[in-house]
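1. Sequence plus the predicted model coming up.
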Amino acid sequence: MKTRAKNAILGRLRAATAAGFPRPSAPTIPRKPGGGVADFERFAAVLTTLGPTFELARTPEEARQALAAYLAANDVKTAVRWDHPDLEAVSAADVLAEAKVAVIAPEELPERVCPGLAAVDLGVTAVAYALCATGSLVLAAAPGRERGTPLVPRLHVALVAKSRLLLDLPTMLERVGQDPMPSALNCVSGVSSTGDIEFVYVRGVHGPLAVHVIGLDWL
Amino acid sequence: MTKTAHDFAKASAKALGDRQSRAILHKAIGHIRVLRQRSVNAMPDFPERQARAVAVRDKTLAKLPELLETLEASVTAAGGRVHYAETAETAATLVAGILSERGAKLVVKGKSMVSEEMGLNEVLEAVGIEAVETDLGEYIIQLAGQRPSHILAPALHVSKEQVSDLFARKFGRTSTDIPEMTRIARDSLRQKFLAADAGITGCNIAIAETGTVTVLENEGNIRLSGSCPPIHIALMTLEKVVETLADAAVVLDILPPAATGQTLPVHLSFFTGARREGERDGPKEMHLVILDNGRSDILADPKLRSILRCIRCGACLNVCPVYQSVGGHAYGTVYPGPMGSVISPLLNDNPGDPRQPFACTHCAACSEACPAGIDHPALLQELRRRVSETETDLPVAAFSLLARHPLLFGGAAAVGRLLDPKLREVAAVAPDAPVGRFLRCREFPGLARPFSRRFKALARRLKRLQGGRA
Amino acid sequence: MEAFLFIPCLVEHVLPQVGEATTAVLVRAGVTPTLPKGQTCCGQFAYKRGRADLVRPLARRFVELFQDAPAVVCPSGSCTAMVRRYPSLFAEDDPFREQAEEVAAKTFELGQFLVERLGMVDLGARCDLTAALHGSCQTTRVLGAGSATEALLAKVAGLTLVPLARPERCCGFGGAFSIDYPEASEAIVSEKIDDIVVSGADAVITAEPSCLLNIASAMAKRDLPIKALHLAEVLAGEGI
């Protein structure tokens, strides 16, 4: 029965697009990436208008201090983190341990991840890319990089290495097209928001209520 | 089965009587209009973006069967499954079947117009599955037992006081502060996300070469629906596919600015298949349901197929004077406004009022706003032609016949002049007669001595004046 | 130069003053207007009802009446747009289509004729008013003659133009729409009038007789002391 629906639909579409169907009105021209340079100044300028906060670390030590200060300032007791070389570059696991934060490592996650993260304060991730034109964090799911980590806890800290800055979305899509797509690629621009009640803009509907980005200037 | 057709004239008159909803709609639409204008103004290359998008949409339609086959192969390769459905009803049954077989009891849903088209919530409820809408606007609508009034902002017509009362009834906890009400909804929905057996989302763009379902949103509820539950079911209508990631980039270039005035929404998610080997979250099963529901016939219709370029941005609704005044419910269909007036009569079920294409002031604001280059006025004109073939339009036929004979036409006008004062009386005693309807809110200036009888004397006088000046 | 006047039925029988002002403006522009006899309706009413079949005989009449004109000038954007649409009503291989194309190509809305055809924007008109422009949908979006209207008004001495909050918005007439959907039509025209009132204008100007009739008669019902004027009336000034 299922193949019957498929065959009937595709059959009608083939008949509809057979001889006599006008050729497209114009050739398709790919969207060219926008101009300008991809740097932290531009990225942070857009990012911070969208809700997240930003600070730039020039050295691994500065990054560790930035993370430690964030943990203290936001009363972080529990956290979950990705398995990612950019986290290792700042020894994020050590910073969390030193701050006495109870960390759920990827391998310790329960069978159903999201409910297991509901009471966790913070998710720490890196990014696949960050987009300067739109202040976007591009998060790619992979083993050890759970979708729930930057999504379910009340806070999200993203470490953005300088080498991961790209100009804009078309550049990013061109880049990701060179490898198989991850199971989930999330391009997040700002903090969850809504205007569904009388068009009044409210931040923090779902997902983390606050996002903090630490730029890794040397990486 | 014969159903009484929806009557837009009656429904819109009723909607117009609801002053509160109208005022809210008005304010909200004014807001969207400003946002969109600001965003498009900030994009000097918007016309080029638009031209690129039209070309991509047209290429897609020309290659549709091929792209759907590629899409299916890619989704399958990424661990997902593709299902086709001919009608809204079979699609809903199919989804209910997938969920029932797996013993699902609770489903979280991201906002999807296709789901509305399928009447999915009722079908799921009938088989004992709780389906929770998780878009805040859609959630409010669901709690209130209503239908969306806008394809993007479903609760556009509801006031914060109404939401407040609703929350008090449903949660025993409320506020009149909008951020606080949003927090109440967040808390309630969070439990659902975490406990759900499956997530159902729509699909803004399906990318054939990669098998990717692309969804856009600001709230994050779709991202949660596609990430947390062990099953993800994505719903799409068959024209939502594009060939490549580059083509998707072209559509993404115009969709958020046209829809909400954003460059990008907060959450732009690309879901490709099910979770991979070694991943601990993400759906173990991913299904993509592709719905036809009359669209393959639209593609075969050379005069109307361009409506399939539509990317559901809602821009045509936001500029339509009729939609702005009467709101979405008056249409009685899933898709309201200009795009809805074109596509609803062509879908297999719930076609709405057969005379919907006439409920248009011909102002062409829709086609001007459309980022996908759809000429709604031309499509509505074609639909009107088709409807008019099936009926006798006596006043138009009589008027047109008179217009073929200047003497009769002039004579009729002379009779009209004689009757003029009486016409007003007719309007007073018979407010439902055409004259009465027109004069409801208007003071008619009356028929005058025709211009053609004044012309000769006027021309002579003007010539004299001009001669005198020279 | 000579031009044939194409007078819409609404102007002929309800708004003759618009025809008079059009004549005066053309004379002032150095054009000799001719009024071909036997004009009735361009068929727009039937067209918008989906009845192109009823329009074709009217299109044939129109083309016969105007085929010898050096130019055709009409004080209505929507009727001009209808004539420009005539060729599309006939099959590609219909010999009449070419004739219709010739006439369509030389038919202009008044403002369009002055600006695009004659290259005139300053007619030396004077009109001491604070006014809002209602750029009719048919004149602006459908015919594309909105900039001509604006250019002409910009040169009128004494005229102060004030902006409307939503200048692009329809007035809600839409021909038969106003009869078929009176409540919606009323709601839309009321908002248009609200915008006009808020703008502080003493008058509203438009290049479209049907919008003019709609807005004027709805303002009259509300007893508003705001004038509704056709572009031609503004350009004619005290000329008649």
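-> Sure, I can see it. Source: prediction; values computed, not measured.
2. Show the pLDDT at A:Leu151.
-> Looking at A:Leu151, its pLDDT stands at 95.
3. which SSE is the residue nearest to it when sequence neighbours are not counted in?
-> The shortest distance from A:Leu151 to any non-neighbouring residue, by C-beta to C-beta, 6 or more residues apart in numbering or on different chains, is to A:Gly207 (5.3 Å). Quick note: C-beta positions are derived from backbone N, CA and C, even for glycine. Using DSSP states H and E, A:Gly207 is not contained in any helix or strand.
4. could you list every residue that touches A:Gly207?
-> A:Gly207 sits next to A:Leu151, A:Val152, A:His156, A:Val191, A:Ser192, B:Gly220, B:Arg223, B:Leu224, B:His267 when contact means C-beta atoms under 8 Å, 6 or more residues apart in numbering or on different chains.
5. export these to a markdown table and tack on neighbour count and secondary structure?
-> Converted to a markdown table, these look like this (neighbours: other C-beta atoms under 10 Å in any protein chain shown; DSSP: H, G, I helix; E, B strand; the rest coil):
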| residue | neighbour count | secondary structure |
| --- | --- | --- |
| A:Leu151 | 29 | coil |
| A:Val152 | 29 | coil |
| A:His156 | 25 | strand |
| A:Val191 | 20 | coil |
| A:Ser192 | 26 | coil |
| B:Gly220 | 28 | coil |
| B:Arg223 | 29 | helix |
| B:Leu224 | 30 | helix |
| B:His267 | 25 | strand |
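6. Low-confidence ranges, the chain, go.
-> Reading this off chain A. A:1-2, A:24-26 (pLDDT under 70).
7. right idea, wrong chain: chain B
-> If you take pLDDT under 70 as the line, chain B has these spans: B:1-3, B:467-470.
8. now with 50?
-> B:1-2, B:470 (pLDDT under 50).
9. how about the strands in it?
-> Secondary structure of chain B, counting by DSSP state E: strands at B:80-85, B:106-109, B:130-133, B:198-201, B:205-207, B:212-217, B:231-237, B:241-242, B:267-272, B:285-291.
10. swap in chain C?
-> With DSSP E as the criterion, chain C has strands spanning C:2-5, C:32-34, C:72-74, C:107-109, C:126-133, C:157-162, C:203-206, C:227-230.
11. Packing partners of the fifth one?
-> When contacts are defined as 3 or more C-beta pairs under 8 Å, 6 or more residues apart in numbering or on different chains; DSSP states H and E, strand C:126-133 packs onto helix C:146-154, strand C:157-162, helix C:182-199, strand C:203-206, helix C:231-236.
12. Relative to chain B, which of the ones you listed is closest?
-> Shortest distance between chain B and these, using C-beta to the nearest C-beta, is found for helix C:182-199: 4.1 Å.
13. Give me the buried positions along that closest one.
-> Using 16 or more other C-beta atoms under 10 Å in any protein chain shown as the test for burial, helix C:182-199 gives C:182-189, C:191-193, C:195-196, C:199.
14. any chance of the residues you listed in CSV, plus pLDDT?
-> Formatted as CSV, the buried residues of helix C:182-199 follow (pLDDT from 0 to 100):
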residue, pLDDT
C:Pro182, 92
C:Glu183, 92
C:Ala184, 94
C:Ser185, 95
C:Glu186, 94
C:Ala187, 94
C:Ile188, 95
C:Val189, 96
C:Glu191, 94
C:Lys192, 96
C:Ile193, 96
C:Asp195, 96
C:Ile196, 97
C:Ser199, 96
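15. Just put those residues in a markdown table and tack on distance to chain A.
-> Formatted as a markdown table, these follow (distance: C-beta to the nearest C-beta, whole Å):
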| residue | distance to chain A |
| --- | --- |
| C:Pro182 | 30 |
| C:Glu183 | 25 |
| C:Ala184 | 23 |
| C:Ser185 | 26 |
| C:Glu186 | 26 |
| C:Ala187 | 20 |
| C:Ile188 | 21 |
| C:Val189 | 25 |
| C:Glu191 | 18 |
| C:Lys192 | 23 |
| C:Ile193 | 25 |
| C:Asp195 | 20 |
| C:Ile196 | 26 |
| C:Ser199 | 25 |
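16. Could you measure from the residue of chain C positioned farthest from its centre over to chain A?
-> No residue in chain C sits farther from the centre than C:Asp93, which is 31.5 Å out by C-alpha atoms, centre = their mean. Between C:Asp93 and chain A the computed distance is 18 Å (C-beta to the nearest C-beta, to the nearest Å).
17. Quickly note the distance from that residue to C:Gln67.
-> Distance of C:Asp93 to C:Gln67, computed by C-beta to C-beta, to the nearest Å: 20 Å.
18. likewise B:Glu72?
-> Using C-beta to C-beta, B:Glu72 is found at 58 Å from C:Gln67.
19. Neighbour count for the two, which is higher?
-> Each of B:Glu72 and C:Gln67 has its neighbours counted (other C-beta atoms under 10 Å in any protein chain shown); B:Glu72 has more, 21 against 14.
20. close enough to count as contact, that one and B:Arg81?
-> No. Counting by C-beta atoms under 8 Å, B:Arg81 is not a contact partner of B:Glu72; they are 9.1 Å apart.
21. Need the per-residue pLDDT for the residue of chain C found nearest chain A.
-> Residue nearest to chain A within chain C: C:Glu92 (15.2 Å; C-beta to the nearest C-beta). At C:Glu92, the model reports a pLDDT of 93.
22. burial count for it?
-> 6.
23. give me phi/psi at it?
-> Main-chain torsions, C:Glu92, degrees, to the nearest 10: phi -50, psi -40.
24. picking up where we left off before, contacts with chain B among the buried residues of helix C:182-199, please.
-> Contacts with chain B within these, as defined by C-beta under 8 Å from any C-beta of the partner chain: C:Pro182, C:Glu183, C:Ala184, C:Ser185, C:Glu186, C:Ala187, C:Ile188, C:Val189, C:Glu191.
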